[in-house]
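# Okay, structure incoming, though there's no sequence with it:
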């Protein structure tokens with residue numbers, strides 16, 4: 001099994017050295033924007049899981065921006081978490097029927113201007129979840145940037161009955177981010193059902209998803225910083 005920190009460092013270094021990374025820079029320490037992100041988004045939009053979706057929860061990072069825009073233009077309502085889940089109304093609802101600029105709305109800097117802040121209890125059942133990744137293996141195990149917020153967002157949605165084991169999870173990455181080694185996920189790590197690169201669509205068989213919030217794995221500081229956790233606790 002690989003060490004996640006070592007994989008992150010290796011992938012970030014390669015994205016930088018091979019000229020694959022795109023703005024914003026540096027590529028390290030983030031879900032890196034990459035060459036081919038729009039092509040990967042096109043592949044993702046060809047999936048029935050997204051093509052027919054009414055409501056999708058999506059990460060706010062740059063490589064998934066083309067996909068968020070395509071979802072809105074296809075009539076899908078997109079939900080994005082506020083940074084670090086730091087507000088009581090911890091999601092932003094982007095309803096394409098009421099958004100005047102479908103290109104600007106799903107960007108981190110403008111989502112608050114075009115969207116409506118809502119708490120989890122106001123969300124509908126989520127049809128699919130779009131996730132950003134630093135690396136992913138072909139079994140669907142994923143490595144993020146190491147902060148755990150993407151997994152926690154899924155856990156919150158599950159606590160509210162909005163996602164379950166059958167909710168499809170999709171990530172878009174560059175081909176070099178699909179690694180041959182096997183990643184050993186923790187029980188809180190959300191597995192990926194479909195990986196889309198600019199050249200490939202990989203369907204995995206990852207097994208069950210996290211059952212909810214694993215309270216023993218949350219530090220007291222994080223509980224205090226995230227209002228929705230206080231409610232659920």
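Sure thing, it's come through. Keep in mind the model is a prediction, meaning the values are calculated, not measured. Residues are numbered from 1 along each chain as shown.
# beta partners of the residue nearest to residue 11 when sequence neighbours are not counted?
Sequence neighbours aside, residue 135 is the residue nearest to residue 11 in space, at 5.1 Å (criterion: Cβ to Cβ, 6 or more residues apart in numbering). Just so you know, the C-beta spots here come from the backbone N, C-alpha and C atoms, and that holds for glycine as well. Beta-bridge pairing of residue 135 under DSSP bridges involves residue 143.
# Now for residue 135: which residues touch it?
7, 8, 11, 142, 143, 173, 177, 178, 179, 183 (Cβ atoms under 8 Å, 6 or more residues apart in numbering).
# now, the most widely separated pair of those?
Using Cβ to Cβ, the pair of these lying farthest apart is 8 and 178, separated by 14.6 Å.
# where exactly do the strands run in this structure?
For the chain, the strands defined by DSSP state E occupy 55-58, 77-81, 91-94, 116-118, 128-131, 135-137, 142-143, 169-172, 178-179, 194-196, 201-203.
# In JSON lines: the ones you listed, plus distance to residue 3 and mean pLDDT.
Output for the strands of the chain, formatted as JSON lines (distance: least, Cβ to Cβ, whole Å; pLDDT from 0 to 100):
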{"stretch": "strand 55-58", "distance to residue 3": "28", "mean pLDDT": "98"}
{"stretch": "strand 77-81", "distance to residue 3": "27", "mean pLDDT": "98"}
{"stretch": "strand 91-94", "distance to residue 3": "33", "mean pLDDT": "98"}
{"stretch": "strand 116-118", "distance to residue 3": "38", "mean pLDDT": "97"}
{"stretch": "strand 128-131", "distance to residue 3": "21", "mean pLDDT": "98"}
{"stretch": "strand 135-137", "distance to residue 3": "12", "mean pLDDT": "98"}
{"stretch": "strand 142-143", "distance to residue 3": "10", "mean pLDDT": "97"}
{"stretch": "strand 169-172", "distance to residue 3": "20", "mean pLDDT": "98"}
{"stretch": "strand 178-179", "distance to residue 3": "12", "mean pLDDT": "98"}
{"stretch": "strand 194-196", "distance to residue 3": "21", "mean pLDDT": "98"}
{"stretch": "strand 201-203", "distance to residue 3": "23", "mean pLDDT": "98"}
